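**Student:** Here is my input; please provide its structure:
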Amino acid sequence: MTPVAPPEEYCGTFSAAKLLGLSVGTIQGMVEKNELHAWKTKGGHRRISMDSIRAYQRQHGFAETTDKLRLLKVLVVEDDAPTLELFKTTFGSWDMPVDVSLMSSAMEALMDINNLKPDVLITDLNMPGVNGFELLRTLRANPSFSTMVMVAMTGLSQAEVMEHGGLPAHTVAVQKPVDMRWCQGFIAAMVALRSSGTEVSSS
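**Tutor:** Here you go, the predicted model:
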């Protein structure tokens, strides 16, 4: 895989597979053969250039659905492997223009957040090491992420959340286990805002 400078538009391997109607394994093989331009973030997550996806569509006579498409970038941070797998399966079943990245720790998220620049962050609060409270406060204090929508997943009571200092302003709190029907509706609303030309914002 030839390193390239990160372009402004990109998506993950899973989203590229959905856009091209191919398997994730096929996409990975195309990247290794330099048929698609890609690079890896500091956390080791592969990003694929949307320009190279469009070029592949043109070369193979696909309808270029990506020209007007701006994927909603969602980052899910959850240390529980079964829950993370549930998010992966659930997001994969939706027919929505969403590029989801899945990470198992807040530290991993902090390493890659500047490259990913997600529109929506969904994070667990109770995690080892850097917890979700610290992750949310760090990002909310950074002007670069002032418009990012933040969703906190927790099994803690409101009183227990307050014992940890509460949540940053404009954070959406969701009780665990998360209702995936609610999650689908929430993400669909974010996609609708993006499609209408309204900037997705935390306020």
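**Student:** okay, CA-based contacts and neighbour counts for the rest of this
**Tutor:** Fine.
**Student:** Using just helix, strand and coil, how would you label residue 153?
**Tutor:** strand (DSSP: H, G, I helix; E, B strand; the rest coil).
**Student:** who's it bridged to?
**Tutor:** residue 124, residue 174 (DSSP bridges).
**Student:** dump the residue contacts of it.
**Tutor:** Neighbouring residues of residue 153 by Cα atoms under 8 Å, 6 or more residues apart in numbering: 122-125, 173-176, 178.
**Student:** Any idea how many residues pack against the residue nearest to residue 156 when sequence neighbours are not counted?
**Tutor:** Closest residue to residue 156 apart from its sequence neighbours, by Cα to Cα, 6 or more residues apart in numbering: residue 175 at 7.8 Å. Other residues within reach of residue 175, judged by other Cα atoms under 10 Å, total 13.
**Student:** so what's residue 175 up against?
**Tutor:** Here residue 175 is in contact with 153-156 (Cα under 8 Å, 6+ apart).
**Student:** And the pLDDT at it?
**Tutor:** Per-residue confidence (pLDDT) for residue 175: 95.
**Student:** Quick check: it vs residue 124, distance?
**Tutor:** 10 Å (Cα to Cα, to the nearest Å).
**Student:** which residues do the two both contact?
**Tutor:** Contacts common to residue 175 and residue 124, judged by Cα under 8 Å, 6+ apart, are 153-154.
**Student:** Point out where the chain drops to low pLDDT.
**Tutor:** 1-8, 63-69, 197-203 (pLDDT under 70).
**Student:** Tell me where it has strands.
**Tutor:** Ranges of strands in the chain, per DSSP state E, are 10-12, 38-40, 46-49, 72-77, 98-103, 120-124, 149-154, 171-175.
**Student:** What's opposite residue 100 in the beta bridge?
**Tutor:** With DSSP bridges as the rule, residue 100 is bridged to residue 74.
**Student:** need the contact list for the residue nearest to residue 136 when sequence neighbours are not counted.
**Tutor:** Nearest non-adjacent residue to residue 136, counting by Cα to Cα, 6+ apart: residue 168, 6.9 Å away. Shown in contact with residue 168 (Cα under 8 Å, 6+ apart): 136-137, 140.
**Student:** Many thanks, have a good one.
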